[in-house]
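Visitor: how would this look folded up:
(one chain, ligands or ions: 1)
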Amino acid sequence: MQRLLLLVSLLAAAAAGFSVWSSARAGEGPAWLQVIFGPRQTLAGRRIGIVAGHSGNDSGAVCPDGLTEASVNAAVAEAVVRGLKSRGAAVDLLNEFDSRLRGYAADAFVSIHADSCGVDLSGFKVASLEGGSKASEPLAACLWERYETATGLARHPDTITYDMRGYHAFREIALATPAAIIEIGFLKADRDLLTKRPDRAAAGIVAGVECFLAAKK
Ligand SMILES: [Zn+2]
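Guide: Got it, this is the predicted structure:
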């Protein structure tokens, strides 16, 4: 009888443990469980390339007090890499002119930049290669939607330049790799979000990639 009781209580403990584990894996349940078990592995088996804009090359835009675009891009890019890896993806964090860009093949490629400190504009924008692969369009659409939701920033399509549509890396990577560039905000007006909440900006990009690859199955 005692053995039976022991067996029943062991089974009950195992079942409870399993339900805690599976709800945390499903991205549900208390935050502390997700810290232990991690979010759902929605990106398992995927390879994703992330460029931290200007890294390894120059500082990008610079504010009067010395804040550089490259430092803002790097903080957000690193948080994006952590977010993607925690969902099971294999991620390459790339420099602006990385030697790996030539013929780079992946399930998605996103380059992260920020906008000038010299103007009083606010907002973000996304572009893919003009006349490029059709596969890039749904990636850009997902980034527009999810970044807007995560950050609350307005869309700023009027300031998309040739530098974005004709972005150099789009012409170096493999043609079949879906690719987009995002300007995550303006260094002056959106500075608080970009420097104090890089996790929020990163969450928008991770959600955009997830949205794109979930639809692509
Ligand atoms: Zn830039």
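
Visitor: A114 touches L194, doesn't it?
Guide: Yes - at 6.2 Å, A114 and L194 qualify as touching, with contact defined as CB atoms under 8 Å. Bear in mind the C-beta positions are built from the backbone N, C-alpha and C, glycine included.

Visitor: Overlap in contacts, the two.
Guide: Listed as contacting both A114 and L194 by CB atoms under 8 Å, 6 or more residues apart in numbering are 72, 184-185, 187.

Visitor: taking those one by one, which sit in helices?
Guide: The helices, defined by DSSP state H, take in V72 from those.

Visitor: And the furthest pair within the shared contacts of A114 and L194?
Guide: I184 and L187 (9.8 Å; CB to CB).

Visitor: Mutual contacts of the two, please.
Guide: Here I184 and L187 share the contacting residues 72, 114, 194, scored by CB under 8 Å, 6+ apart.

Visitor: Does V110 touch V206 like I think?
Guide: No - using CB under 8 Å, V110 makes no contact with V206, being 9.8 Å away.

Visitor: Which of the two has more residues huddled nearby?
Guide: More crowded of V110 and V206, by other CB atoms under 10 Å: V206, with 29 against 26.

Visitor: Now do the same for that one: its pLDDT.
Guide: Listed pLDDT for V206 reads 98.

Visitor: which SSE is it in?
Guide: Element membership for V206, per DSSP states H and E: helix 198-216.

Visitor: Which residues outside that helix are in contact with it?
Guide: 42-43, 46, 48, 72, 75-77, 79-80, 82-84, 87, 107-108, 110, 112, 138-139, 142-151, 178, 182, 184-185, 193-194.

Visitor: So which of the residues you listed belong to strands?
Guide: Counting by DSSP state E, the part of the contacts of helix 198-216 found in strands is 48, 108, 110, 112, 182, 184-185.

Visitor: Please indicate which of those are buried?
Guide: Among the ones in strands among the contacts of helix 198-216, those buried by neighbour count (16 or more other CB atoms under 10 Å) are 48, 108, 110, 112, 182, 184-185.

Visitor: Common neighbours of V110 and V206, please.
Guide: V80.

Visitor: Report the contact partners of the residue of the chain found nearest the ion.
Guide: Residue nearest to the ion within the chain: H113 (3.5 Å; CB to the ion). Neighbour list for H113: 53-54, 60, 69, 73, 181-184 [criterion: CB under 8 Å, 6+ apart].

Visitor: related to what we said a few turns ago, want to try CSV for the ones in strands among the contacts of helix 198-216, with distance to E210 and pLDDT as columns?
Guide: What follows is these, written out as CSV (distance: CB to CB, whole Å; pLDDT from 0 to 100):
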residue, distance to E210, pLDDT
I48, 10, 98
A108, 10, 97
V110, 12, 98
I112, 16, 98
I182, 15, 97
I184, 17, 98
G185, 21, 98
